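S.K.: need a 3D model of the sequence below.
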Amino acid sequence: MQIRVTDQPAYLLHRRDWKNTSIILDLLTENYGRVSVIAKAGRNSKSKSLYQPFCRLSISWSGRRELKTLIGIDGSEIRVNEHHYLPLLYINELLCAYLPVQEAMPELFQLYDNLLEQTDPQFGERQLREFERSAMTLLGYMPDTSVDSGGGQPIDPEEYYRFLPTDGFVPAGDNETNAVIGKTIMDWNQRQYHKKQVLNLAKIVMRSIIDFNLHGKRLKSREIYQQIKSRT
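M.R.: The predicted structure is shown next:
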């Protein structure tokens, strides 16, 4: 018996051409998590303008296998500032790398939806770092940053720590590489991203967690960003 899902809110994370005219779409859906569907003859479809990132979609599919068959699509495009396009593609690639298949994560869907709502002139690194932190927390990769993971004591604002991606913050000497004073950790926990040292810490910690759990896999969007940056 075919399983049919109709009118499911979704966003496109990634697409790739399949055979002569079809497209495989990797989707973030509200109630089914990450789902892959094939749009048969999608490259010739009247709906092909919707097969792109940053569209609010309503998706219908059928099938019992992991790769579903698209049977309906509707939606509207979200206007994204061209300067935000690459950071958002990075988020899409991050989700493709980390999201389990067909595991409902409505909170993560809402987090992504809220992020797209913030793509105004104020969108920047602080929103990106906070999304990374929230997403890694929901996915179960974020250690407790409020305590010293070695002894379980609350972070001391006057002591120094270093971060381990599997454990969290552990005591460190003030001259150790990437040692950070506890006050900055506490400021990060309070989301004080207006402070430069907090943004720097957030970048170091989140990259450490993300890279460690990718097990050597590289994110193409990061490489593209570095190439663009080297030319400017």
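S.K.: strands of this protein, start to end?
M.R.: Counting by DSSP state E, the segments of the chain that form strands are 4-18, 22-29, 33-39, 55-62, 67-77, 160-164, 168-171, 180-181.
S.K.: among these, which is nearest residue 92?
M.R.: Of all these, the one in closest proximity to residue 92, counting by CB to CB, is strand 4-18 (4.5 Å). C-beta coordinates here come from the backbone N, C-alpha and C atoms, glycine included.
S.K.: partner strands of the closest one, with direction?
M.R.: Next to strand 4-18 in the sheet, as set by DSSP bridges, lie strand 22-29 (antiparallel), strand 55-62 (antiparallel).
S.K.: still on that earlier bit, export the strands of the chain as TSV, with columns for distance to residue 187.
M.R.: Listed next are those as TSV, based on distance: least, CB to CB, whole Å:
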stretch	distance to residue 187
strand 4-18	32
strand 22-29	31
strand 33-39	33
strand 55-62	35
strand 67-77	38
strand 160-164	13
strand 168-171	13
strand 180-181	10
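S.K.: residue 143 - how many residues pack around it?
M.R.: 18 (other CB atoms under 10 Å).
S.K.: so who does the nearest residue to it once chain neighbours are set aside touch?
M.R.: With CB to CB, 6 or more residues apart in numbering as the measure, residue 168 is the residue that lies nearest to residue 143, at 3.4 Å, once sequence neighbours are left out. Contacts of residue 168 were listed using CB atoms under 8 Å, 6 or more residues apart in numbering, and they are 143, 144, 145, 147, 149.
S.K.: now mean pLDDT and distance to residue 195 too, for the strands of the chain, in CSV please.
M.R.: Below are the strands of the chain laid out as CSV (pLDDT from 0 to 100; distance: least, CB to CB, whole Å):
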stretch, mean pLDDT, distance to residue 195
strand 4-18, 95, 32
strand 22-29, 96, 32
strand 33-39, 96, 35
strand 55-62, 96, 34
strand 67-77, 93, 36
strand 160-164, 96, 17
strand 168-171, 96, 18
strand 180-181, 97, 12
